[in-house]
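Peer 1: Predicted model and sequence below, questions to follow.
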Amino acid sequence: MSNLKFKIGADPEFNLEMENKKLDAAATIKTLLTSNKEFKISSKGDGYSYKNFGNIGWDGHNATAEIRPSAENTPKDLVKNMEEIFKKFHEIAPSFQMSTLSRYAPIGGHVHFELSNSLTKDQHTMKAKVQAIHKRMASFLLPLTLGENKVNQMVRMRSSSRYGEYCTPDISFRVDAQYKKTNGDPGYTYELRTQSAEWLTTPQIAKATLAYLATVYNEITNNPKQFNEKYGDIIIRTNEMGNALQSLALTEYKLITTVVFNKIKKYIKQFELYETYKEEIDYILNPNKVLADKQAADYDIRIGWGLQLQEKEAPKKTILSEKEFLKISKDKDIESLSKIYKIDYNNDLNVKTFTEVLSQKMAAFNWKLSKQFFFFGIRKGIESYIIMNGEKEVISGLEIAKTKSDQETIQKIMTNMYNTYTEEYQGQEKNKINFITGKIEKTTKDIFIIGIPYKDRVELNTKKFIETVYNVDKNIIKKAEKNNKELIDDTKETDANKGEIFKIINKLSKEEERKEIAIEANGDDEVKTNNTINQIEQEVSEDTEETELLEENNEDIIETGISAPQEILQPNQPVEITRATRINE
């Protein structure tokens, strides 16, 4: 493949995600690469360079990742530089999704073209010349737009990246001094910023996009007279024309877009470099195929570039093995990696420790959770895991209920915890757009609320915890069934005579229980009543001693049982509340 007469470069953006949650790109990349000997901090301090292939970093607002391959004279070599960077980065962080979808952020697929001396020698006319180039480049972007995700593009258009914004640098195009020439003079590039970053999804799409754009740019800059004479009828002349064409393409108004597309298809085959890049250009001119390939890769660079073939998911036995964990920890920076995982939990005793162990296991074994979890501590006296799914169904834990009040209490506390979590962390995103289908979907369907028993938390039985999470994530746990026939109907009983779980969760004190029993006791049976009271007083004393011992050893920890923000409590609601926390934030 022959070299171009100019260099091409790129700094396209993408989202780093974990369990479909966006990560802070700057914080994540710093954590991953700061101590890695193969990556060196870049001169601008906004990323890390990998050998001579370029660097990976973050853009101005830190939330979005950005890859900056070294500029080359062929699309093939530029894509090769990207591949080397992606491959090495993925070896370090195989569990992270690298999404090319905007996800409500205006991420762009920015491409740079070297400007010739004739275009830059006069600083006063340079902007006007580049503006003219951009109009002509924008006139040939329709095939790329037709091959892009319509929902993704509409989200981007709300903030930037419209065809017609020729006179708004930093949105549709930019002119920058990106390098130094051999004589020390600044070397300028024209940066095309209109197209989305979806072209990063696969190497084939990347190479074809770069080849297509380079072919158009070459014709505009090296054959300007012929371009204006032969292809001037489709050049976008005004902002309104450009924006209208883009809108029509996104709404699939084919009456006009088909005419423009066919003219582009006819004209580009007459361009100087068409035969050189025929295979790549013909691929771009089949937008339905391009879009299908993006969807097949789920807009994930790991899948599209075949990087996932390198990783194997560890089996359950390996994940639970401390021996295997220690073995991997010798060669892997588990401490740094585990800090990136975002796991939601509340402040009950040792719950944070359990989530930290989960993060370490995920980092060690490249274990990717397919569900969204929230963990909390169950009050002392209930020694079984209680689990609720996104449909507010208790799938584990109902089996411990012996009375109807126990069953109702379990359902109530889990529903309260579920509502607390979704309100505090989901906010307005309870319904969100599926970028692939364009439909509105609930984000709560894959949420699981898990209560960890008090005894397990005190004894730090993390192995049972990890196994429970694994089973839920792999849909191994069988859904619990309500069995009203076998339950004791205690709904009309006094609180003191209701089920044990009801009393534990509602924190019915021994003093309150004693008073109710004393009142109900037969007045003539004074000896029996006194014996009962004495027995309860002894139990109260023992419980007080245990509580004081726990507080003495954990001065800064208050065991609150079922937790949720105080402000959502209803009058006389018996559940105690603390604010939930997200690990590593």
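Peer 2: Structure received.
Peer 1: and F53, how many neighbours?
Peer 2: 20 (other CB atoms under 10 Å). No exception for glycine: its C-beta is placed from N, CA and C like everyone else's.
Peer 1: What does it show for phi and psi?
Peer 2: Backbone torsions for F53, taken as degrees, to the nearest 10, come to phi -80, psi -20.
Peer 1: That one against N81, yeah?
Peer 2: Yes - counting by CB atoms under 8 Å, F53 does reach N81; the two are 4.4 Å apart.
Peer 1: Mutual contacts of those two, please.
Peer 2: 69-70 (CB atoms under 8 Å, 6 or more residues apart in numbering).
Peer 1: could you pull out the strands for the stretch 101-250 of the chain?
Peer 2: Per DSSP state E, counting those that start in this stretch, the stretch 101-250 of the chain carries strands over the ranges 111-114, 173-180, 186-192.
Peer 1: Ok, which of these comes nearest Q411?
Peer 2: Across those, Q411 has its closest neighbour in strand 111-114 (55.6 Å, CB to CB).
Peer 1: Domain boundaries for this structure, per the record?
Peer 2: Using automatic domain parsing, the domain parsing of the chain gives 8-307, 314-508+555-585, 510-545.
Peer 1: In the chain, what helix or strand scores lowest on average pLDDT?
Peer 2: Ranking every helix and strand in the chain by mean pLDDT, DSSP states H and E puts helix 510-520 at the bottom, with a mean of 47.
Peer 1: Just to check, P287 is in contact with P143?
Peer 2: Yes - using CB under 8 Å, P287 is in contact with P143, at 5.9 Å.
Peer 1: Those two: which is more packed in?
Peer 2: More crowded of P287 and P143, by other CB under 10 Å: P143, with 21 against 18.
Peer 1: Check L200 and give its pLDDT.
Peer 2: On pLDDT, L200 comes in at 97.
Peer 1: Against T100, how distant is it?
Peer 2: Going from L200 to T100 by CB to CB, to the nearest Å gives 5 Å.
Peer 1: For G306, give me its contacts.
Peer 2: Residues near G306 by CB under 8 Å, 6+ apart: none.
Peer 1: Need phi/psi at it.
Peer 2: G306 adopts backbone torsions of phi 70, psi 20, taken as degrees, to the nearest 10.
Peer 1: Do you know the pLDDT at it?
Peer 2: For G306, the pLDDT comes out at 93.
Peer 1: now do the one 5 residues further on
Peer 2: According to the prediction, E311 has pLDDT 56.
Peer 1: same question, the one 4 residues further on
Peer 2: At P315, the model reports a pLDDT of 92.
Peer 1: and it, how many residues sit next to it?
Peer 2: Number of residues near P315 (other CB under 10 Å) recorded here: 11.
Peer 1: N286 versus that one, what's the distance?
Peer 2: P315 is 41 Å from N286, where distance means CB to CB.
Peer 1: do the same with I133
Peer 2: Per CB to CB, I133 is found 26 Å from N286.
Peer 1: Those two: which has the busier surroundings?
Peer 2: The residue with more neighbours, out of I133 and N286, is I133; 22 against 15, by other CB under 10 Å.
Peer 1: Spit out the contact partners of that one.
Peer 2: By CB under 8 Å, 6+ apart, the residues touching I133 are 190, 217, 220-221.
Peer 1: Relative to D293, which of those residues is nearest.
Peer 2: Y217 (24.0 Å).
Peer 1: The closest one is in contact with H134, isn't it?
Peer 2: No - using CB under 8 Å, Y217 is not in contact with H134, being 10.3 Å away.
Peer 1: returning to what we had before: a markdown table for the strands of the stretch 101-250 of the chain, including mean pLDDT, mean neighbour count and distance to E280?
Peer 2: Putting those into a markdown table (pLDDT from 0 to 100; neighbours: other CB atoms under 10 Å; distance: least, CB to CB, whole Å) gives the following:
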| stretch | mean pLDDT | mean neighbour count | distance to E280 |
| --- | --- | --- | --- |
| strand 111-114 | 96 | 24 | 14 |
| strand 173-180 | 82 | 16 | 23 |
| strand 186-192 | 90 | 21 | 17 |
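Peer 1: For the ones you listed, could you give me CSV that also reports distance to F502?
Peer 2: Converted to CSV, the strands of the stretch 101-250 of the chain look like this (distance: least, CB to CB, whole Å):
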stretch, distance to F502
strand 111-114, 65
strand 173-180, 66
strand 186-192, 66
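Peer 1: Out of these, which is closest to L320?
Peer 2: With CB to CB as the criterion, L320 lies closest to strand 111-114 of the strands of the stretch 101-250 of the chain, at 47.5 Å.
Peer 1: Give me the pLDDT value at G381.
Peer 2: 91.
Peer 1: same thing with G438?
Peer 2: 57.
Peer 1: ditto for the one 3 residues further on
Peer 2: According to the per-residue confidence, E441 scores 63 in pLDDT.
Peer 1: Tell me where the stretch 251-400 of the chain has strands.
Peer 2: Taking DSSP E, counting those that start in this stretch as the test, the strands found in the stretch 251-400 of the chain are 344-346, 372-377, 386-388, 394-396.
Peer 1: Check which helices and strands the second one is in contact with.
Peer 2: Right, the one you point to is strand 372-377. Judged by 3 or more CB pairs under 8 Å, 6 or more residues apart in numbering; DSSP states H and E, the packing partners of strand 372-377 are strand 344-346, helix 351-365, helix 404-421, strand 447-452.
Peer 1: and of these, who's closest to A71?
Peer 2: Comparing those by CB to CB, helix 351-365 comes nearest, at 34.8 Å.
Peer 1: What lies in contact with the closest one?
Peer 2: 95, 313-314, 318-319, 324-325, 328-329, 332, 334-335, 337-341, 343, 345, 367-369, 375-377, 452, 457, 460, 462, 465-466, 469, 581, 583-584.
Peer 1: buried residues in it?
Peer 2: Neighbour counts over helix 351-365 (16 or more other CB atoms under 10 Å) mark 351-352, 354-365 as buried.
Peer 1: how about those residues in a markdown table, adding pLDDT?
Peer 2: Converted to a markdown table, the buried residues of helix 351-365 look like this (pLDDT from 0 to 100):
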| residue | pLDDT |
| --- | --- |
| V351 | 97 |
| K352 | 96 |
| F354 | 97 |
| T355 | 96 |
| E356 | 96 |
| V357 | 97 |
| L358 | 96 |
| S359 | 94 |
| Q360 | 94 |
| K361 | 95 |
| M362 | 92 |
| A363 | 89 |
| A364 | 91 |
| F365 | 90 |
